[in-house]
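Chemist: here is the input, now give the coordinates:
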Amino acid sequence: MILPSWLLPLLVAPVIGSFLAVLVRRLPGGKAVAWERSRCESCGRTLPWSEMIPLASFAIQRGRCRGCGAAIHPGHLWIELAALAVAAWAATMDDGPRLWADCALGWTLLALAWIDAEHMILPDVLTLPLIPAGLAWSLWVEPEALTDRAIGAAAGYTALRLVELAYRRLRGRDGLGQGDAKLLAAGGAWIGWQGLGPVVLAAALGGLAAAGLAAIRGRKVDAATALPFGPFLAGAIWVVWMYLT
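Modeler: Model prediction:
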């Protein structure tokens, strides 16, 4: 039986989400991601495969470790669901190789957004490979757009680096990080230079909205308040990729 093209990404998505959840928890701390067995974060017990079935294990165990009864970090479940949502969203838009490209980009952006939201960093190991991946995709399916994508990568990095340097010179402290510039470079490699304007505008509006919401909730927000920009950049890149390319 031949599976419809949209079904396999949906079946794979929770597994990818499970891996992303481990990556998000371990990568910022410099821990091994692929070669270390999964353990309960409370009691250290090595988890058998039956307790690592994406989505199902969390539900069956009611979000608790079978060994010590401690609560499992809910981020595991939410990232698995988010990865499934990325695949479902992509499946409504595309099929074939483009669908898998959608998912690969979306899952990577999801991990970057989550890490930046929690740790205020955008790891090079995730951002930098997106640049050659975007250029390779263009070379394969749309070689006539390769120049636009290469310009987009260069322009995206240069633009935010200049903003970062200007902010530091004017304010005497860091504003944007180099990770944001690298992420926009990665976005440019996928969407071309033409999409950079909409991405920056949407990300800036999203950041302002988040700051306003934080202020409404009683959090002190001023010029010195550090807010992660990566989640808004990642979301804007994804939307522009899905709807404008």
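Chemist: would you map the helices across the protein?
Modeler: 7-26, 56-60, 75-93, 96-119, 124-141, 146-171, 178-191, 196-216, 230-244 (DSSP state H).
Chemist: return the most buried member of those.
Modeler: Most buried of those, by mean neighbour count (mean count of other CB atoms under 10 Å): helix 178-191, with a mean of 26. The way it works is simple: take the backbone N, C-alpha and C, and place the C-beta from them, glycine included.
Chemist: what angle sits between it and helix 196-216?
Modeler: For helix 178-191 against helix 196-216, the angle by axes from the mean of the first three to the mean of the last three CA atoms, to 10 degrees is 140 degrees.
Chemist: helix 178-191 packs against which elements?
Modeler: Packing partners of helix 178-191 (3 or more CB pairs under 8 Å, 6 or more residues apart in numbering; DSSP states H and E): helix 96-119, helix 124-141, helix 146-171, helix 196-216, helix 230-244.
Chemist: what pLDDT does residue 161 get?
Modeler: With respect to pLDDT, residue 161 scores 92.
Chemist: for the closest residue to it other than its chain neighbours, give me the pLDDT.
Modeler: Spatial nearest neighbour of residue 161, chain neighbours left out: residue 181 (4.6 Å); criterion: CB to CB, 6 or more residues apart in numbering. What the model reports for residue 181 is a pLDDT of 95.
Chemist: who are the contact partners of residue 181?
Modeler: For residue 181, the contact set (CB atoms under 8 Å, 6 or more residues apart in numbering) comprises 156-161, 164.
Chemist: so residue 21 touches residue 76, yeah?
Modeler: Yes: counting by CB atoms under 8 Å, residue 76 is a contact partner of residue 21 at 4.3 Å.
Chemist: stretch 20-38: end-to-end distance?
Modeler: 13 Å (CA to CA, to the nearest Å).
Chemist: repeat that for stretch 20-33.
Modeler: Per CA to CA, stretch 20-33 runs 9 Å from first to last residue.
Chemist: when you give positions from now on, start the count at 59
Modeler: With 59 as the first residue, the last one maps to stretch 78-91.
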